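# What would the 3D arrangement of this be:
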Amino acid sequence: MAVLFNGGTTFNDSSGVAGPGEYIPALTSLTNGVNQHGKFVEFTSAGTSHHIDWPRTPWMPTGPITVSLLYEKTDATNRNTVAWGIDKQLASVTYQCHATMPFGDGTVYFEYGGNGGANEVSVGGLTFGADHWAFTVGARGMEIWQNGFLRASNGNTPTRTNDPTHPFKLGANLSGTGFVADLARINVCCVWDRQLDTRELWTLNTDPYAPWRNPV
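Alright, predicted model coming up:
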């Protein structure tokens, strides 16, 4: 699945058909613009429930995964926010797949199929700009990449369960968890049902639009 924010262009890869996203609930909190990464959507109101929502996600991987996106936090306040994620509150934490960039404690967390422990990798002390992020699970374990650098990893290869009714959200307020929306700009978002190799991750960092020239 990949999304290029130029009006909702999508294509599907081997993980299945994602379909169009929906802006929820208030367009007044969402603007469009251009920066060094190209076109973006910007969330301009913090602590609300606005987000971009894929209402049903049977295409979301349950084993190996890579999520790649361009994300720019636009203020210096750390909030208990989720930049992207599966809404675990519709069922259980086994559905979980989300990342914070950063959370309220200034830490970047990536959780997959559960809370903490073997299902989590995290890193603190980072600085944030208009960054390329990649989150992976696979034979190398769980990883967090920022701008082509491996920031955190472990040796765990967790899995998650899935359900066709679960939403995937960007700029997310995830229901029932107390997470709020952040002030941020989001551009390209891609999801693969495998762990990209380090060469592929570096290519994405230097050219995040590469999937649109080679959508395989």
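
# use CA for all of it now, contacts and neighbours both
Noted.

# center of the chain - which residue?
W84 (3.9 Å; CA atoms, centre = their mean).

# Residue ranges in this structure under the pLDDT threshold?
Counting by pLDDT under 70, the ranges of the chain that qualify are 1-32, 36-37, 49, 87-91, 172-179, 212-216.

# returning to what we had before: touching, the residue nearest to the centre of the chain and H98? I think so.
Yes - using CA atoms under 8 Å, W84 makes contact with H98 at a distance of 5.6 Å.

# Let me see the contact set for the residue nearest to the centre of the chain.
98-100, 168-172 (CA atoms under 8 Å, 6 or more residues apart in numbering).

# how does it look with 6 Å?
Counting by CA atoms under 6 Å, 6 or more residues apart in numbering, W84 touches 98-99, 169-170, 172.

# Beta-bridge partners for it, please?
A99, L170 (DSSP bridges).

# Please report the distance of it from A139.
Per CA to CA, to the nearest Å, W84 is found 23 Å from A139.

# picking up where we left off before, from the contacts of W84, which single one is nearest P208?
Distance to P208 across the contacts of W84 (CA to CA) is lowest for L170, with 17.4 Å.

# was I right about the closest one contacting W54?
No - using CA atoms under 6 Å as the test, L170 is too far from W54 to be in contact (8.9 Å).

# Those two - which one has more neighbours?
In this view L170 and W54 are compared by other CA atoms under 10 Å, and L170 has more residues nearby, 24 against 19.

# So that one versus D197, what's the distance?
Taken as CA to CA, the span from L170 to D197 is 24 Å.

# Could you measure from the closest residue in space to N115 that isn't next to it in sequence over to N78?
Excluding the flanking residues, the one nearest N115 by CA to CA, 6 or more residues apart in numbering is V93, at 6.7 Å. Distance of V93 to N78, given as CA to CA: 24 Å.

# In the chain, what residue spans correspond to helices?
198-206 (DSSP state H).

# Isn't V67 up against F135?
Yes - V67 is within contact range of F135, at 5.2 Å (criterion: CA under 6 Å).

# Which one of those two is surrounded by more residues?
Summary of the neighbour comparison: V67 and F135, criterion other CA under 10 Å, with F135 having more neighbours (27 against 23).

# Tell me who's in contact with the more buried one.
Contacts for F135 (CA under 6 Å, 6+ apart) come out as 66-67, 143-144.

# Kindly recompute the last result at 7 Å.
Applying CA atoms under 7 Å, 6 or more residues apart in numbering to F135 gives the contacts 66-68, 143-145.

# For it, give its distance to A76.
According to CA to CA, F135 stands 23 Å off from A76.

# beta partners of Y109?
Bridge pairing for Y109 - DSSP bridges - gives T100, S122.

# So it sits against V121, correct?
Yes - if you go by CA atoms under 7 Å, Y109 and V121 touch, sitting 6.1 Å apart.

# The two - which one has more neighbours?
Neighbours were counted for Y109 and for V121 using other CA under 10 Å; V121 has more, 24 against 21.

# Okay, that one and L170: tell me how far apart.
From V121 over to L170 the distance is 20 Å, taken as CA to CA.

# What of T161?
In terms of CA to CA, T161 sits 20 Å off from L170.

# for D53, same thing?
7 Å.

# Then N35?
19 Å.

# just L69 next, same as before
Separation of L69 from L170 (CA to CA): 10 Å.
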